[in-house]
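# Pasting a predicted model and its sequence here:
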Amino acid sequence: MKVKTTNALMKYLRDTHNISIANSIDKRNLINIGYYHGYKGYRYISNPNNRVNITNFQEIVSIVNFDSKLKSLLYPQLMQTETISKNIVLQILVEEYRTDEFNEIYENGMTDYKNSNPNDYKMKMKHRLGVQNSIYSALSRSYNNDNKIVSHFYSKDRHIPIWGIFEIITLGTFADLIKSLELKARIRIDKEMKINISYDTNAKFPERIIYLIKALRNSVAHNDVVFDVRFKDSNINSKLCKYIESEIGCTNIDFSTITDYILIIAFLLKKYKISKTELNHFINEYENIIEEFRNNIPFNIYSQIIHTDTKLKLTQLRKYIKKMLNKLCQYGILYM
């Protein structure tokens, strides 16, 4: 296969795709963002059949920059969400089972399969065994890679405490672990995350929220495209969507836009008692990124990416944060 030079790629974009790309700035941008990661990755929305009507290469650059700024905004919030979520579950497991040994928690706490009907028993048992295998595989990889925590305990022939395991497992394995827990432990997680149990009678929302965030977190960490939520899992739970809508006070939350992920992150961080100042700063930054994008792209492209209900959703989110934080202050829960 003949490899195209940058100049040849520019000519190909002009001649084949009717995209204006000619000057030295365009050439440098093409080199920086790449033809395959940049142009081919950002020329469509959600799926390759939904192509953006690009006429100027600068439009692709604007979409790439928009996506990069989203990832820069989201990364620290996702890390904070992951850390707090793991710490909440860790504390509950240690208190509930009075041990820091994974094997004991596995035997005594990861027992959701026991309450299954015959049709679900094997599926849940396979899931439970899969979590165990994932954790042991993570420990093996970490030891081979000289992870300090794992090496410290293994060198002394001691088990890795559950907090050490939480340091090395993926967010997906973490959600899988929650899913395997018995109901009483999941209810405690629900309560600690301030989830309304009347909406979540089987205490499944925490794992579903973590699965939701996991898909975005992985895309951000791997520098994949996020602006059009192509990472989205197709199995979004409708009850969870309705619950988030009822809490925030808006409609049409289905995680088909990046704004809905902004909502779920802010929703969760609010539940974790992150300050009103930090939450509003997060929303302000998102609005600034959107506004800059609006100024740098033709409106027909902007409106394909930023939906018409974005402003309304963010307004309701601000009201929700203000209302809930006022309640927390009223009851002396939040100290600022």
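Sure thing, it's come through. Computed from a prediction, not measured in an experiment: that's the story for all the values here.

# can you list contacts of the helix or strand containing Asn103?
With elements taken from DSSP states H and E, the one containing Asn103 is helix 102-108. Judged by CB atoms under 8 Å, 6 or more residues apart in numbering, the contacts made with helix 102-108 from elsewhere in the structure are 93, 97, 99, 128, 132, 135, 159-160, 162, 165. All C-beta atoms are positioned from the backbone trio N, CA, C, and that covers glycine.

# next one: that helix to chain centre, how far?
28 Å (CA atoms, centre = their mean, to the nearest Å).

# buried residues in that helix?
Neighbour-count burial for helix 102-108 flags 102, 105-106 (criterion: 16 or more other CB atoms under 10 Å).

# and the nearest residue to Trp163 once chain neighbours are set aside, what does it touch?
Here the nearest residue to Trp163 in space, its sequence neighbours aside, is Leu90; by CB to CB, 6 or more residues apart in numbering that works out to 5.7 Å. Each residue near Leu90 by CB under 8 Å, 6+ apart is listed here: 162-163, 166.

# Hmm, Leu314 and Glu287 touching each other?
Yes. Proximity of Glu287 to Leu314 meets the contact threshold set by CB atoms under 8 Å, at 6.5 Å.

# OK, contacts around the residue most central in space within the chain?
Most central in the chain under CA atoms, centre = their mean is Ile213, positioned 2.6 Å from the mean C-alpha point. The neighbourhood of Ile213, defined by CB under 8 Å, 6+ apart, consists of 78, 81-82, 171, 261, 264-265, 268.

# Not counting its neighbours along the chain, what's nearest Ile197?
Nearest non-adjacent residue to Ile197 (CB to CB, 6+ apart): Asp190, at 5.5 Å.

# Likewise for Arg51?
Here the residue nearest Arg51, using CB to CB, 6+ apart, is Tyr44, at 4.9 Å.

# Over to Tyr302?
Nearest residue to Tyr302, sequence neighbours excluded (CB to CB, 6+ apart): Arg294, at 5.4 Å.

# so which strand or helix has that neighbour?
Going by DSSP H and E, Arg294 is part of helix 276-296.

# which other residues reach that helix?
Where contact means CB under 8 Å, 6+ apart, the residues beyond helix 276-296 that reach it are 62, 65-66, 69-70, 73, 77, 259, 262, 265-266, 269-270, 302, 305-306, 310, 314, 317-318, 321-322, 325, 336.

# so who does the residue nearest to Ile197 touch?
Under the criterion of CB under 8 Å, 6+ apart, the neighbours of Asp190 are 197, 200, 203, 205-206.

# Narrow those residues to those in helices?
205-206 (DSSP state H).

# Tell me how many other residues crowd the residue nearest to Arg51.
Using other CB atoms under 10 Å, Tyr44 has 16 other residues around it.

# isn't it right up against Val52?
Yes. Because the distance of 6.2 Å satisfies CB under 8 Å, Tyr44 is recorded as touching Val52.

# Format the buried residues of helix 102-108 as JSON lines; extra columns: pLDDT.
Listed next are these as JSON lines, based on pLDDT from 0 to 100:
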{"residue": "Phe102", "pLDDT": "97"}
{"residue": "Ile105", "pLDDT": "98"}
{"residue": "Tyr106", "pLDDT": "98"}
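
# which residues touch Ile169?
Residues in contact with Ile169 (CB under 8 Å, 6+ apart) are 134-135, 138, 177.

# Ok, Asn196 next?
Counting by CB under 8 Å, 6+ apart, Asn196 has contacts 243, 247.

# do the same with Leu171
With contacts taken as CB under 8 Å, 6+ apart, Leu171 has the following neighbours: 82, 210, 213-214, 217-218.

# Gly130 now?
With contacts taken as CB under 8 Å, 6+ apart, Gly130 has the following neighbours: Asp176.

# ok, now with 10 Å
Contact partners of Gly130, counting by CB atoms under 10 Å, 6 or more residues apart in numbering, are 173, 176, 180.

# pLDDT value on the second one, please?
Just to be clear, that refers to Asp176. In the predicted model, Asp176 carries a pLDDT score of 98.

# Appreciated, that's everything.
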